[in-house]
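**Student:** Sequence plus the predicted model coming up.
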Amino acid sequence: MNDLATYFETIAGTGVLSTADESGIVDAAVFARPHMLEGGTVAFIMPDHVTHRNLQENPHAVYLFIEEHASDSKEWHGTRLYLTKIHEEKDTERLYAMRRRTSEKDRESRFLVVFRVDRARPLVGGDLDA
């Protein structure tokens, strides 16, 4: 996946961000497409729920993105991003400028969590070293 910014701007789908705590207990949560930042980093906006708390203990995550209509055919399409948290910020102007949607219940604090993309693989198959 050479141009992740173009990919995530043009392809609709469903994403799942998986994290684990320091004991290895895994959690998975539905997340929107990542925000693409400078230097090829990606960011997600999140409240202080299980995913965010896991990232305080273990900086590694996997984002699995299934392209819309992929299940309509015999082939599944999408990508897996292997990520390492490198930075986070709480309730910043940049975070609120990036938000795609808001609602009345969105009054709790939010975190902009920035990740380095360690590798990207297709949704199905692909070499481990890709």
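**Tutor:** Cool, the structure landed.
**Student:** contacting residues around P59?
**Tutor:** Residues in contact with P59 (C-beta atoms under 8 Å, 6 or more residues apart in numbering) are T84, K85, I86. Glycine gets a C-beta too; all of them are placed from N, C-alpha and C.
**Student:** now with 6 Å?
**Tutor:** P59 makes contacts with T84, K85, as judged by C-beta atoms under 6 Å, 6 or more residues apart in numbering.
**Student:** Local confidence estimate at it?
**Tutor:** pLDDT recorded at P59 is 98.
**Student:** Please tell me how far it sits from D27.
**Tutor:** 14 Å (C-beta to C-beta, to the nearest Å).
**Student:** what does Y63 give?
**Tutor:** For Y63 relative to D27 (C-beta to C-beta), the value is 13 Å.
**Student:** can you check R119 too?
**Tutor:** Taking C-beta to C-beta, one finds R119 at 21 Å from D27.
**Student:** which residues in this protein form helices?
**Tutor:** 4-10, 50-57, 93-98 (DSSP state H).
**Student:** The ones you listed into TSV, with extra columns for distance to H77?
**Tutor:** Below are these laid out as TSV (distance: least, C-beta to C-beta, whole Å):
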stretch	distance to H77
helix 4-10	11
helix 50-57	25
helix 93-98	26
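**Student:** Please identify the most buried of those helices.
**Tutor:** helix 50-57 (a mean of 17; mean count of other C-beta atoms under 10 Å).
**Student:** For it, output the C-alpha coordinates as CSV.
**Tutor:** Backbone C-alpha positions of helix 50-57 (Å, rounded to 0.1, in the frame of the first residue of the first chain) are rendered in CSV as follows:
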residue,chain,number,x,y,z
VAL,A,50,-10.3,0.4,26.7
THR,A,51,-8.4,1.0,23.5
HIS,A,52,-6.8,4.2,24.8
ARG,A,53,-6.0,2.6,28.2
ASN,A,54,-4.4,-0.4,26.5
LEU,A,55,-2.2,2.0,24.5
GLN,A,56,-0.9,3.5,27.8
GLU,A,57,0.5,0.0,28.7
